[in-house]
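# Okay, predicted coordinates and the sequence, questions at the end:
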Amino acid sequence: MELPHVHPHLSDGQCVVCHNPHGEQSAGMLNKPMPDLCLKCHTFNDDLVGKHSGQKIESGNCLTCHSPHASKNENLLVNLHAPVKEGKCAACHKLSEGAAKFSVPADGGEICLSCHAKIKENTAKGKSAHDPAKRGQCVKCHAPHGSNQSWFLAKESGGVCVDCHKYASGEKSTHRPYQNRDCILCHLGHGSSTDHLLRAPASELCLRCHKKENFTGRVVHPPMEDNCMNCHQSHTSNNPKLLVQPPPALCQNCHDDKKPDPNKTPHQPFKNGECIKCHASHTSNQASLLARPTPALCFTCHKQGPFQLSVVHRPVSEGQCARCHDPHQSSEDKMFRTKPVEVCATCHAKVKEQLKDPDGHPPFKEGQCSRCHAPHSSEKAKLLTLKSSVPCQDCHQDKFNFPDTGVTHFPVKKQMCVTCHATHASGRKWMLVKPEGELCADCHKLDAGDLQDKHKNMLTKNTRCAYCHTPHYSGDKGLLKKHRHPPFEERGCENCHGEVTDSSALGLPERRTEVCATCHDQQADWLKKKFVHAPVKEDCAKCHNPHASNDQPYLAAPRTKLCLSCHEKIRLASSLASEHPPVKKGECLSCHEPHAGDTKNRLKLSADDGKLCLSCHAGIAKIVSQSPVPHPPAAEGACLTCHAVHGSGQKPLLNAAVAELCLTCHDATEAKFKLAHVNNDVTGARCSMCHTPHGGAEKKLLKPTAHYPVKKGLCTNCHEEPVVKGKAVTINKNACFVCHEQKSPAANAGKAAHGAIEKNGCVECHAPHGSDIEHNLRARPPELCFTCHTAQRRDIAAAKIGHPPAKKGDCVKCHTPHYAEARPLLKAPTVTKVCESCHKFEGEHVHPVDIKTPDGRAVECVSCHSPHGSDLKGILKRGQPDVCQQCHKG
């Protein structure tokens, strides 16, 4: 012991004189209770009694005044209270004889305060007072005779406190003074001008230990200016850093606009509730309390490489990532604040106006700026990202890869696309930077004699050059279009135009078709037809280019665009949910005659008797002709009763929603109809769930695979009794298991169930009324499986080498559709057993499978092979030797 006065037994190492080393009834494992233990050595006599002022030491507690092991004072005395040290017991006690000798004559607290007046003043005037001090119960905390503790405390400071204040332990974070039970570091013992007996207001008090320089940033978190306790607990917390709540809930108490929105994509730190990954919690020199300036802050997670190429986007170089990206969550991809093109438009003002141009660059119109530009940095000017030396070439390969024979337009040959075209929009067709004639005149001088001679002196800045010339490449001299009208080819302009000297006059008759009829005598036959195409009567040039064209027969535009340039309704119909394939492909002539016909709408065959439709839809024709029960409109060839011809908002090309369409003929109020549908309201129903639309073998056109209860009209086997109109007919999720008990969860207890069963039951995969597919499936595998397993669809489609069953869509080759011993619903207990059903492992030395590695990982076929597909031979997950070295580290 380092103290000068040590108990003799302790200095001799004789601890067992006083203590039992294994255990004892007395506190401190003492061999006897005090004072009996002490009186074994210290003889009880008058001298001993005299030293203790006549007090009855045989019934006292020696440790009130003495230290049991060592002390800085003689006789192992503790630091004594002044009256005790001076032997002035009467200052506090009655010394008269009798039972009350040494009793305290008045209230104990009053006696103390007679000397300690300042404490009385602090306790009375303070905002908060310690309850024992207020009640005068000084000896609750202080030893009245003496103590080795500061302020004569009965125990070390924290030890005194925990007698009344329960000490919490075992939580995630503990305030160090509290952990050390150093309560008086923060609290006063008697009274305080602040709440909770604090030595100073909370924010000031905390800074006595927590370095001020860490909290002197330019931007201060408002709760810190107010009170640290807004965010932190004072003693312990189940959260890190003594926080009152875990982030992000704590932050969202104030920042309620930053609560996660399930319809938005969150920034990963925001998703993980890691606010302090980006923000300082107390103060910062950055706006929004950012932990570091941007972009350095962003680069703590995002690799710097893609942001440091030779040409850097200004917001990146200025560290203004949040100008484009929402730092918390966004409805847009890549955390854009709004749609990408709108973000770009906030700086690039021209963009807003250019977006209104219907002939703008398609990627630009679609808001896909990143198709051409890198959002952060690039090695190319204008932040271009495209791989080719010429930006346009990545998409417009057909405008560059021309044969060596023929003529390539000089700007194309020199890859000078922007000489003629604007990059985003120009307000003109083909995004030309100037009107067509003016643009060409920039290079081709109109006053050149040979040029005017070739054009019979008709060439002006208003000339439509592309009427005869191709702008990029031609197999013929002068970039002329491939197919040239003979009069044009032979420079016989007067054959059509007559003798014209003024370039603004065309020299054509008012009815221009008369000019064409001089050569094309079949026009007379067309005009005799019942239905004639309007341009045939008025102006052939509406469809044909009378000079030259790249599309035969001298079409003014490619077939896919030509018809739709006039037929606006059909163009709109072609953008609906269900589109007729010939319309989609621009094959109008599959159904229509181009010039004239005797059938309405110039159809090649009559649509009224179904002949035209059934000439393509042979499968439906076969069903209708061979079905014992054909659907009357189908049997009569009245296809248009139910179907639209060009496009429809309802699949498959229906004129209305299914039930609405059917009820135009079928009266739902009729008694027989009600009886057949068990009085259920069929408004909004999908009739095709039970009935075939064109023909079938069953009465009422019921599907051949109709569910048995549907065939027998036993609706209430599955549904509750029919309910009032407007309310859904409810179905019992477990109704299927009444008949299909072997597929019930009860019959497969302990097994892993297909997620679809757990989600919505059997109807997730099976059509409950009927289907054209075996087992009444809603679709054929793998399409049915892919409705949920989208990641597998993507992986199988992307893999260069597919696992044969996956490639064929034979999901049930490896998986069971309902239950299995474990996920992912394999047909055998382990992956290896499934593989062995096709792959035989033979030989003396076989790679071990179905074992565990020393670190607990399973070794099975899918440790090395991808179960669905891969870009590597043997559908390996990794290339060699990586695949081997994941286990064989040496």
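Sure, I can see it.
# contacts, neighbours, all on C-alpha from now
Fine.
# Quick check, residue 820 in contact with residue 749.
No: using CA atoms under 8 Å, residue 820 is not in contact with residue 749; the gap is 10.4 Å.
# Tell me, how many residues neighbour residue 794?
11 (other CA atoms under 10 Å).
# Residue 151 now?
15.
# quick one on the thing from earlier: residue 820 and residue 749: which is more packed in?
Neighbours per residue (other CA under 10 Å) separate residue 820 from residue 749, with residue 820 holding more: 20 against 11.
# Now do the strands in the stretch 151-300 of the chain.
173-174, 191-192, 219-220, 236-237, 265-266, 283-284 (DSSP state E, counting those that start in this stretch).
# which of those sits most buried?
strand 191-192 (a mean of 24; mean count of other CA atoms under 10 Å).
# Against which helices or strands is it packed?
helix 117-125, strand 128-129 (3 or more CA pairs under 8 Å, 6 or more residues apart in numbering; DSSP states H and E).
# would you list these in TSV and tack on mean neighbour count, distance to residue 2 and mean pLDDT?
Listed next are those as TSV, based on neighbours: other CA atoms under 10 Å; distance: least, CA to CA, whole Å; pLDDT from 0 to 100:
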stretch	mean neighbour count	distance to residue 2	mean pLDDT
helix 117-125	15	34	82
strand 128-129	22	39	90
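# Need these in CSV (columns: distance to residue 81).
CSV is the format used below for the helices and strands packed on strand 191-192 (distance: least, CA to CA, whole Å):
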stretch, distance to residue 81
helix 117-125, 16
strand 128-129, 24
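# Over to stretch 116-134 now: how far is its first residue from its last?
14 Å (CA to CA, to the nearest Å).
# ok, residues contacting that stretch?
The contact list for stretch 116-134 (CA atoms under 8 Å, 6 or more residues apart in numbering) reads 109, 113, 138, 140, 189-197.
# Wait, residue 554 touches residue 545, no?
Yes: using CA under 8 Å, residue 554 makes contact with residue 545 at a distance of 5.4 Å.
# Identify the contacts common to these two.
By CA under 8 Å, 6+ apart, no residue touches both residue 554 and residue 545.
# Tell me which residue is most central in the protein.
The centre of the chain sits closest to residue 265, judged by CA atoms, centre = their mean, with a distance of 3.9 Å.
# now stretch 303-320: mean pLDDT?
Stretch 303-320 carries an average pLDDT of 92.
# send the alpha carbons of that stretch over as PDB?
Extracted as PDB, the C-alpha positions of stretch 303-320 are listed here (Å, rounded to 0.1, in the frame of the first residue of the first chain):
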ATOM      1  CA  LYS A 303     -15.100   6.500 -57.600                       C
ATOM      2  CA  GLN A 304     -13.400   9.600 -58.900                       C
ATOM      3  CA  GLY A 305     -12.300   8.300 -62.200                       C
ATOM      4  CA  PRO A 306     -15.500   8.900 -64.200                       C
ATOM      5  CA  PHE A 307     -15.500  12.500 -62.900                       C
ATOM      6  CA  GLN A 308     -11.900  13.500 -63.800                       C
ATOM      7  CA  LEU A 309     -11.600  13.100 -67.500                       C
ATOM      8  CA  SER A 310     -10.300  16.000 -69.600                       C
ATOM      9  CA  VAL A 311     -13.700  17.700 -70.200                       C
ATOM     10  CA  VAL A 312     -15.700  18.100 -66.900                       C
ATOM     11  CA  HIS A 313     -19.300  19.200 -66.600                       C
ATOM     12  CA  ARG A 314     -19.400  22.500 -64.800                       C
ATOM     13  CA  PRO A 315     -21.600  21.400 -61.900                       C
ATOM     14  CA  VAL A 316     -19.100  18.600 -61.200                       C
ATOM     15  CA  SER A 317     -16.100  20.900 -61.400                       C
ATOM     16  CA  GLU A 318     -17.900  23.400 -59.100                       C
ATOM     17  CA  GLY A 319     -18.800  20.500 -56.700                       C
ATOM     18  CA  GLN A 320     -22.500  21.200 -57.200                       C
END
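# Could you shift the numbering so residue one becomes 11, and keep it that way?
Done: numbering now begins at 11, and the last item shifts to stretch 313-330.
# Which parts of it count as buried, going by neighbours?
317-318, 321-323, 325-327 (16 or more other CA atoms under 10 Å).
# and if you look at stretch 770-781?
771-781.
# try stretch 472-482
Result for stretch 472-482 [16+ other CA under 10 Å]: buried residues 473, 475-476, 478-482.
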